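In: below is the sequence, then the predicted model.
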Amino acid sequence: LGRGQPVLNTVSLEDNRLEGAIPESLCHALSLAYMLLYDNELYGTIPECVGNLTELLYLELDLNELDGTIPESLCNLTDFIFFTLSGNHISGTIPACLFNDLTSLKYLSLHDNELYGTIPETICTVGNSLVNLVLFQNELTGTIPTCIGDLGGLKFLELGNNELHGTIPESLCKSPNIQRFALYGNVLSGTIPSCIYTNFSELDHLQLDMNELVGTISDSICGLGDSFTSLELAVNPLSGTIP
C-alpha cells in the first residue's frame, strides 16, 4: 500500500483489528495527508520514513501496541493539525524539534505512554492554534513551562499522573479559554493561583488532586460559572475552611 500510488491522499483504517507493523511502503505516498490507523492492534515502531510525508495533516496512531520512540524525522512535518499517539508503549523524550514551525497544530495527544524527560518549551511556539495538550499518564519530569500561558487558544490542558514538580505558574491564567485544567497526580507544591478561578470563565473541570499544594481554597472559586462541573482537590495538605 502506497507504492506506485503517488496521489494517495487518505488512508483511513481506524477501528479495526489490524495487526502487524506499519508498512514502510506508505512512505511512498508523498501526497498522503491523512494517516488514520488508531484503535487497532498494530505493533513495532513508527517508521522513520513517515517524516518524508511532508503533506501529512493528520497522524492518528493511538490505541495500538506501538513501542520505540517518537522519530525525530517527524520534525520535518510542519503542517500537522492532529497528532495522536496515546495508548501505546512509546518511550523516550518528546523531541523539542517537533514543534519547530508548527503553526496549525490543534490537537496533541500523547497520553498513556512511557514518555520521560521534560515538556519542551518549544511547544509554546505553536501559538494560538493549539486547543488540546494532553500528556497525562507518562513519566514526565521537570516543571510546567511558564510559556504555556502564551497558548491563547488552549482549552484542554491535561498533564496529570506524571512526575512534574514546582509551582503552578500564574502565567497559565493568560489562557482564558481553558475548560479542563488537569494537573493531578504530580508533586506540585505552593498555592493554587487565585487567577484560575477568576480568569477561566469557561472552566468545567479543575483537577489538582494528589499533589503537595498548600494554602487555602480561595473564596473566588464561588465566581466560577454554570459550566463548572468538577472540583477535585483531594490528597493535598490544604488548610482553612470550605468557601
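Out: Thanks, I have it. Numbers count the residues shown, from 1 in each chain.

In: residue contacts, the residue nearest the centre of the chain?
Out: For the chain, the residue nearest the mean C-alpha position is Val134 (2.6 Å; CA atoms, centre = their mean). By CB atoms under 8 Å, 6 or more residues apart in numbering, the residues touching Val134 are Ser86, Leu108, Ser109, Leu110, His111, Phe156, Glu158. Placement of C-beta: from N, CA and C, glycine included.

In: likewise Ile46?
Out: Ile46 neighbours (CB under 8 Å, 6+ apart): Ile22, Leu61, Leu66, Gly68, Ile70, Pro71, Leu74, Leu85, Ile90.

In: list buried residues within those.
Out: Ile22, Leu61, Leu66, Ile70, Pro71, Leu74, Leu85, Ile90 (16 or more other CB atoms under 10 Å).

In: and which of those is nearest Leu224?
Out: Nearest to Leu224 among these, counting by CB to CB, is Leu85 at 32.8 Å.

In: buried set for the lowest-mean-pLDDT helix or strand in the chain?
Out: When the helices and strands of the chain are scored by mean pLDDT, DSSP states H and E, helix 195-199 comes last with a mean of 92. For helix 195-199, burial by neighbour count (16+ other CB under 10 Å) applies to Ile196, Tyr197, Asn199.

In: tabulate the residues you listed (a markdown table), appending distance to Asn186.
Out: Below are these laid out as a markdown table (distance: CB to CB, whole Å):
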| residue | distance to Asn186 |
| --- | --- |
| Ile196 | 16 |
| Tyr197 | 20 |
| Asn199 | 21 |
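
In: Gly160 is in contact with Leu183, isn't it?
Out: Yes: contact between Gly160 and Leu183 holds when scored by CB atoms under 8 Å: they sit 6.1 Å apart.

In: show me whatever sits in contact with both of these two.
Out: In contact with both Gly160 and Leu183: Gln207, using CB under 8 Å, 6+ apart.

In: tell me the helix or strand right after the least confident helix or strand of the chain.
Out: strand 205-207 (DSSP states H and E).

In: from the contact counts, what lies against that next one?
Out: Applying 3 or more CB pairs under 8 Å, 6 or more residues apart in numbering; DSSP states H and E, we find strand 205-207 packed against strand 180-182, strand 230-232.

In: in helices only, show me the contacts of Val134.
Out: Using DSSP state H, no member of the contacts of Val134 sits in helices.

In: with respect to Thr191, which of these is nearest?
Out: Nearest to Thr191 among these, with distances taken as CB to CB, is Glu158, at 21.4 Å.

In: beta partners for the residue nearest to the centre of the chain?
Out: Ser109, Glu158 (DSSP bridges).

In: confidence score at Leu224?
Out: Note on Leu224: pLDDT of 89.
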